[in-house]
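Participant: Need a 3D model of the sequence below.
(chains A and B)
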Amino acid sequence: MITKIDPTVNSEYKSGLACGLCCTKLHGFGVMLGKTEILRDLSLHIHCGELTALIGPNGAGKSTLLKAILGEVAHSGTMTFLDIAGAKARTPRIGYVPQRLDFDAGSPTSVLDLWAASTCRRPVWLGAEKKLRAYARSKLAAFNADHLIENKLGSLSGGELQRVLLTLALEPVPDLLLMDEPVSGIDPRGIELFYQMISDLRQQYDMSIILVSHDLGLVSRYSDRIIFLNRTFYVVGTPGEVFSNPTVIQTFGRISTEAGKIL
Amino acid sequence: MNTWYALVDSLLPFAWSQHLFMKNALLAILLVSLLFGILGTMVVNNRMAFFSDAIGHSALTGIALGVLLGFHNPLLSMIAFALLLALAISYIKAASSSSPDTVIGVFSATAVALGIVILSRGGGFAKYSRYLIGDLLSITAEEILFLSLILIAVLLTWGLLFNRLLVVSVNPSLAKSRGVPVRIVEGLFAGLMAVIVSSSIQWVGILIINSLLVLPAASARNIAGNMRQYHTFSILISLSSGIFGLIASYYWGTATGATIVLFTALWYLISLLIKHGSR
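Facilitator: Prediction:
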């Protein structure tokens, strides 16, 4: 049941600052949750400087795949990372942008608290040092989120929260950036901006990006490669390839992939 | 201890502070409030109020086991059983698809029932009823020393564990991506809670221990804007309620723990008013 499309054929390579040489390889990934098989024998080859979109119907195992890569869910198969030298395989450093936060909105956790708790050893209840505050502010400023530094996480809008979490995921710059796109809470204009932002990111850093996405129009325009996943079935290829696959058409209908024609 | 007694005598020349048991109780309440003020922040943040309640209730079975095993002081068996229960709940919560509330409810009810069944054999439950409301005024100097050791341990753990615990509470996958051992951190926190709740239960009482843990943090959360304020307010509210409650209970002749809880409830009301007044 596995259809593989040769990624070297017809795949447009976008040149940028990223070298495109380092890569993350998943080999034979499988996940069982209880007695249910969620993923089977999934093999992927993700180059840095590429934006790979992960699409599929609800409950297809997209988030499970991310959790398996993170090591939060037990899986079979291996993951290796080859750096620019290509010589030594090591465990990739992973940045993760969650879809949503799990705690309630009333919690007095400020953006700076989360930043400090994630990046420093000094307990946050002592308060943040001036140096750290200035550093976090400068990093947040890159995504137009520096004015949010003292705000509580629960008071941020979907888009603001996503920008804050993205800034954090890039500190330190990961080899592999995993993003679980929020289904709701961001206006269409915000989503478009977000895709442009990620699109720029992959060119600025030597980094592979996997984005779980729900917006097929934007995916077809911005991503270099698409993984269509539905439990044990998957297809990998360029947007044009994936959106002409019969199973994908059956699931989502026809998606035009020519730039500018998506409305 | 003598330094403390001298300090109280010189600073607090009141009728209530002349008694040795009140001097002990005052020191004990300072330690307990500090502990609960700190720990409560994360209990409330992680929505674990029901969990800590279950830990408190499990003390009944802990005491019962201690009695069966012939312990003079059931503290050890209480801590051991609470630890076991805390880890069992964490494990089953992660492994089962039932709602956490249900899992905790089942364990809590079973622990209470088991404890009562064992302790009430032959109609002797009445002699254990002091555990229900607690008796702070009977605390001894050695027990205070024990509490201060726990406080030191908690402060150390809180320094090492807190940041990771906070990230886990925000999003476990995010924590995992940053190299935090999620299950270990959660287990350590549950264990810490079990130890603290069981070691203070005989002075505070099973019925109200959870209010002391939850109310100061719940009030602080209404008025705090970040983690430092959250801790500061929670500790201040906990300490002030502890001191006022102790003094009031002396003059009113009431149970200390419950009187303290009334003060924390008053704080909660005030914090709500401040929160809505500032909007």
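
Participant: and the residue in the stretch 151-263 of chain A that chain B sits nearest to, how many neighbours?
Facilitator: Chain B sits closest to residue A:152 of the stretch 151-263 of chain A, with a gap of 6.5 Å, by CB to the nearest CB. Placement of C-beta: from N, CA and C, glycine included. Neighbour count of residue A:152, defined by other CB atoms under 10 Å in any protein chain shown: 18.

Participant: wait, isn't it in contact with residue A:110?
Facilitator: Yes. Here residue A:152 reaches residue A:110: they are 5.8 Å apart, a contact under CB atoms under 8 Å.

Participant: Need the overlap of contacts for the two.
Facilitator: Counting by CB atoms under 8 Å, 6 or more residues apart in numbering or on different chains, the shared contacts of residue A:152 and residue A:110 are B:225-226.

Participant: circling back to that earlier point, enumerate every residue touching the residue of the stretch 151-263 of chain A closest to chain B.
Facilitator: Contact partners of residue A:152, counting by CB under 8 Å, 6+ apart, are A:105, A:107-110, B:225-226.

Participant: ok, 6 Å please
Facilitator: Applying CB atoms under 6 Å, 6 or more residues apart in numbering or on different chains to residue A:152 gives the contacts residue A:110.

Participant: Give me the pLDDT for it.
Facilitator: According to the prediction, residue A:152 has pLDDT 92.

Participant: residues of stretch B:73-93 that come out buried?
Facilitator: For stretch B:73-93, a neighbour-count test (16 or more other CB atoms under 10 Å in any protein chain shown) marks B:74-75, B:77-83, B:85-86, B:89-90, B:93 as buried.

Participant: just these now: which is nearest chain A?
Facilitator: Chain A has its nearest neighbour among these in residue B:93, at 13.5 Å by CB to the nearest CB.

Participant: mind checking the SS state of the closest one?
Facilitator: helix (DSSP: H, G, I helix; E, B strand; the rest coil).

Participant: Where does pLDDT dip in the stretch 1-150 of chain B?
Facilitator: Across the stretch 1-150 of chain B, nothing is flagged by pLDDT under 70.

Participant: Recalculate using a threshold of 80.
Facilitator: Scanning the stretch 1-150 of chain B for pLDDT under 80 picks out B:93-98, B:122-124.

Participant: quick one, helices of chain B?
Facilitator: B:2-11, B:20-45, B:49-68, B:75-95, B:100-119, B:130-133, B:141-170, B:172-177, B:182-204, B:209-223, B:227-252, B:256-277 (DSSP state H).

Participant: Give me the helices and strands touching the third one, please.
Facilitator: Using 3 or more CB pairs under 6 Å, 6 or more residues apart in numbering or on different chains; DSSP states H and E as the contact criterion, the neighbours of helix B:49-68 among helices and strands are helix B:75-95, helix B:100-119, helix B:182-204, helix B:209-223.

Participant: Redo the ones you listed as JSON lines? Include distance to chain A.
Facilitator: Listed next are the helices and strands packed on helix B:49-68 as JSON lines, based on distance: least, CB to the nearest CB, whole Å:
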{"stretch": "helix B:75-95", "distance to chain A": "9"}
{"stretch": "helix B:100-119", "distance to chain A": "12"}
{"stretch": "helix B:182-204", "distance to chain A": "7"}
{"stretch": "helix B:209-223", "distance to chain A": "6"}
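
Participant: Run through the residues of the stretch 101-250 of chain A sitting next to chain B.
Facilitator: For the stretch 101-250 of chain A, the residues in contact with chain B (CB under 6 Å from any CB of the partner chain) are A:101-103, A:107-108, A:110, A:113-114, A:117-118, A:123-125, A:127.

Participant: Kindly recompute the last result at 10 Å.
Facilitator: Applying CB under 10 Å from any CB of the partner chain, we find that the stretch 101-250 of chain A lies next to chain B at A:101-104, A:106-114, A:116-128, A:150-153, A:155, A:165, A:168-169, A:171, A:174, A:176-178, A:180.

Participant: Return the subset of those residues lying in helices.
Facilitator: Under the assignment DSSP H, those contribute A:111-114, A:116-119, A:165, A:168-169 to helices.

Participant: among the helices and strands packed on helix B:49-68, which is the most enclosed?
Facilitator: Neighbour counts (mean count of other CB atoms under 10 Å in any protein chain shown) averaged over each of the helices and strands packed on helix B:49-68 peak at helix B:209-223, with a mean of 26.

Participant: quick check: mean pLDDT across that helix?
Facilitator: Per-residue pLDDT over helix B:209-223 has a mean of 93.

Participant: any idea of the angle that helix forms with helix B:49-68?
Facilitator: If you take axes from the mean of the first three to the mean of the last three CA atoms, to 10 degrees, helix B:209-223 sits at 160 degrees to helix B:49-68.

Participant: Nearest residue to the closest residue to chain A within the stretch 51-200 of chain B in space, please, no chain neighbours.
Facilitator: Residue nearest to chain A within the stretch 51-200 of chain B: residue B:177 (3.5 Å; CB to the nearest CB). Among residues not flanking residue B:177 along the chain, residue A:96 sits closest, at 3.5 Å (CB to CB, 6 or more residues apart in numbering or on different chains).

Participant: Ok, residue A:103 next?
Facilitator: Spatial nearest neighbour of residue A:103, chain neighbours left out: residue B:169 (5.4 Å); criterion: CB to CB, 6+ apart.

Participant: Run through the residues that contact the one you found.
Facilitator: Residue B:169 makes contacts with A:101-103, A:107, A:109, A:117, B:42, B:45-48, B:175, B:185-186, B:189, as judged by CB atoms under 10 Å, 6 or more residues apart in numbering or on different chains.

Participant: For residue A:230, list each beta-bridge partner.
Facilitator: Per DSSP bridges, the residues bridged to residue A:230 are residue A:233.

Participant: what's the answer for residue A:78, then?
Facilitator: Counting by DSSP bridges, residue A:78 is bridged to residue A:27.

Participant: Tell me the residue of chain A that sits nearest chain B?
Facilitator: Distance from chain B to each residue of chain A (CB to the nearest CB) is smallest for residue A:96, at 3.5 Å.

Participant: Helix, strand, or coil at that residue?
Facilitator: Here residue A:96 is recorded as strand under three-state DSSP.

Participant: Cross-check the contact I'm expecting between the residue nearest to residue B:177 and residue B:176.
Facilitator: Yes. In this structure, residue A:96 is within contact of residue B:176 by CB atoms under 10 Å, at 7.7 Å.

Participant: Next, show the common contact partners of those two.
Facilitator: Common neighbours of residue A:96 and residue B:176 (CB under 10 Å, 6+ apart) are A:67, A:70, A:72.

Participant: list the contacts for the first one?
Facilitator: Applying CB under 10 Å, 6+ apart, we find residue A:67 in contact with A:31, A:38, A:61, A:73-75, A:96, A:178, A:180, B:172-173, B:176.

Participant: Weed out the non-buried ones from those.
Facilitator: A:31, A:38, A:61, A:73, A:75, A:96, A:178, A:180, B:172-173, B:176.

Participant: Give the rounded mean pLDDT of the helix ranked longest in chain A.
Facilitator: The single longest helix within chain A, with elements called by DSSP H, is helix A:188-204. For helix A:188-204, the mean per-residue pLDDT is 82.

Participant: What are the buried residues along it?
Facilitator: Neighbour-count burial for helix A:188-204 flags A:190-192, A:194-195, A:198-199, A:201-202 (criterion: 16+ other CB under 10 Å).
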